[in-house]
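Q: coordinates for the following, if possible.
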Amino acid sequence: MGLSETAMLDLLDEDARAFAQALLSQAPPPPYARYGVDGVRSIFDTADGARQPIRPVHSVEERAVDGPGDPLRVRCYRPSSAVGLPAVIYIHGGGFVVGTLNGVDDVCRSLCAEAECVVISVEYRRAPEHVFPAAADDCLRTYEWVEREAESLGVDPSRIALAGDSAGGNLALSVCTSLAEARRATPRALVLAYPATSNAHAGPSWDAFEHAPVLCKTDALWFWSSYAAGEGAELDPRAVPILSPALHALPPTLLVAAEVDVLRSDYEHFAATAARAGAEVEIRQYDGVPHGFFTEVAVIDKARRAVAEAAHHLRRHFGD
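A: Below you'll find the predicted structure:
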């Protein structure tokens, strides 16, 4: 029997509790999967012009990633007019089903300014309209595009990192898996905020936080099934990172953990497994916050602290 909603809210810091209570009061009752794809997107997707950005940067430009199929939209944030800057490809979360470029605008601006790098935010295809491997393919395609277009983007192709939250962390790992399987160089660094790493869906956090605010067990399972409907997903390390035979090849990784998170057992196990394989993985847990906190830099103090730590990790591994 999991903790009650009240008990979980009591675990949260004051600002994180206010964030979770606002969601619970403004949206219909969870689990949100019962409202279908359109209903869930109406709750979680952030519309254009929803509010003013919290942090100025030198410039923000939208570009199109060409390739097979329709072009992909990316949003590029620059900290200055300098060229040869390091770059971070940021991949938003949302269970592969929800999430927009607008929803991660604040965190991309913060990383851009604090890590002094170009941040390239990816609008990948979402499930269930596009099941695995569509999103994974889109993120790899974007990584390769950044390498090819480094000069026009004003970035150093030898200093590219990946970052993502939740499903975005899964997709960042999928890029690393694809690169390692092709025996290509992997990114300089990884920042993974509470990533989806397993399809076991079992462990202490799955029991304790079954009814957690923001992401409950029912919704986590629904999100995964929406994406993993693609053939072979359940056995493919691009979809299930814990299955990767190339965990030793991961770049230096900072894994941001949230205390009140149904996925926590999965990514704690992933971090330990990757470390045993030889990867450099640092897991940093933030108590008093729920799944989804990392991108909420406008309202949650520990989100700002976590982003500052992420920026420090990136700067350290970008070097000169």
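
Q: low-confidence ranges in the chain?
A: For the chain, applying pLDDT under 70 flags the ranges 1, 49-51, 320.

Q: nearest residue to the middle of it?
A: The centre of the chain sits closest to Asp165, judged by CA atoms, centre = their mean, with a distance of 1.9 Å.

Q: how about the helices in the stretch 1-150 of the chain?
A: 5-11, 14-26, 36-44, 105-115, 134-148, 150-153 (DSSP state H, counting those that start in this stretch).

Q: just how off-centre is the fourth one within its chain?
A: Yep, that's helix 105-115 we're talking about. 14 Å (CA atoms, centre = their mean, to the nearest Å).

Q: okay, it in PDB with CA atoms only?
A: What follows is helix 105-115, C-alpha atoms only, in PDB (Å, rounded to 0.1, in the frame of the first residue of the first chain):
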ATOM      1  CA  ASP A 105      12.000  27.200 -22.100                       C
ATOM      2  CA  ASP A 106      12.900  28.300 -18.600                       C
ATOM      3  CA  VAL A 107      15.400  25.400 -18.000                       C
ATOM      4  CA  CYS A 108      17.000  25.800 -21.400                       C
ATOM      5  CA  ARG A 109      17.500  29.500 -20.800                       C
ATOM      6  CA  SER A 110      19.000  28.800 -17.400                       C
ATOM      7  CA  LEU A 111      21.400  26.100 -18.700                       C
ATOM      8  CA  CYS A 112      22.400  28.400 -21.600                       C
ATOM      9  CA  ALA A 113      23.300  31.200 -19.200                       C
ATOM     10  CA  GLU A 114      24.900  29.200 -16.400                       C
ATOM     11  CA  ALA A 115      26.800  26.700 -18.500                       C
END
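
Q: begin at 56 from here
A: Got it, first residue is 56 now, which makes that one helix 160-170.

Q: which other residues reach that helix?
A: The set of residues external to helix 160-170 that reach it, using CB atoms under 8 Å, 6 or more residues apart in numbering, is 101, 108-112, 130, 132-134, 141, 143, 145, 172-174, 176, 218, 220, 349-353, 358-359, 362-363, 365-366, 369-370, 373. Using the backbone N, CA and C atoms, a C-beta is placed for each residue, glycine as well.

Q: now, of those, which are buried?
A: Buried residues within the contacts of helix 160-170, defined by neighbour count using 16 or more other CB atoms under 10 Å: 101, 110, 112, 130, 132-134, 141, 143, 145, 172-174, 176, 218, 220, 349-353, 358-359, 362, 365-366, 369, 373.

Q: so what does the longest helix seen in the chain touch, helix or strand wise?
A: For the chain, the longest helix by residue count, based on DSSP state H, is helix 356-373. Here helix 356-373 touches strand 140-146, helix 160-170, strand 210-220, strand 245-248, strand 308-315, strand 336-345, going by 3 or more CB pairs under 8 Å, 6 or more residues apart in numbering; DSSP states H and E.

Q: can you lay out the ones you listed as CSV showing distance to Pro296?
A: Shown next, in CSV, are these (distance: least, CB to CB, whole Å):
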stretch, distance to Pro296
strand 140-146, 13
helix 160-170, 21
strand 210-220, 12
strand 245-248, 9
strand 308-315, 11
strand 336-345, 12
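
Q: give the contact list for the residue lying closest to Val354 once chain neighbours are set aside.
A: Distances taken as CB to CB, 6 or more residues apart in numbering put Phe74 closest to Val354, at 5.5 Å, once the chain neighbours are dropped. Applying CB under 8 Å, 6+ apart to Phe74 gives the contacts 345, 348, 351, 354-355.

Q: just say which of the helices of the stretch 56-205 of the chain is most tucked in.
A: Comparing the helices of the stretch 56-205 of the chain by mean neighbour count (mean count of other CB atoms under 10 Å), helix 160-170 comes out on top with a mean of 24.

Q: now the residue nearest to Ala284 when sequence neighbours are not counted: how far from Val336?
A: Excluding the flanking residues, the one nearest Ala284 by CB to CB, 6+ apart is Val186, at 4.5 Å. As defined by CB to CB, to the nearest Å, Val186 lies at a distance of 29 Å from Val336.

Q: can you report how many residues lie near Ser114?
A: 13 (other CB atoms under 10 Å).

Q: rewinding a little: which one, of the helices and strands packed on helix 356-373, ends up nearest to Arg196?
A: Across the helices and strands packed on helix 356-373, the minimum distance to Arg196, taken as CB to CB, is reached by strand 140-146, at 11.0 Å.

Q: I'm done for today, thanks for sticking with me.
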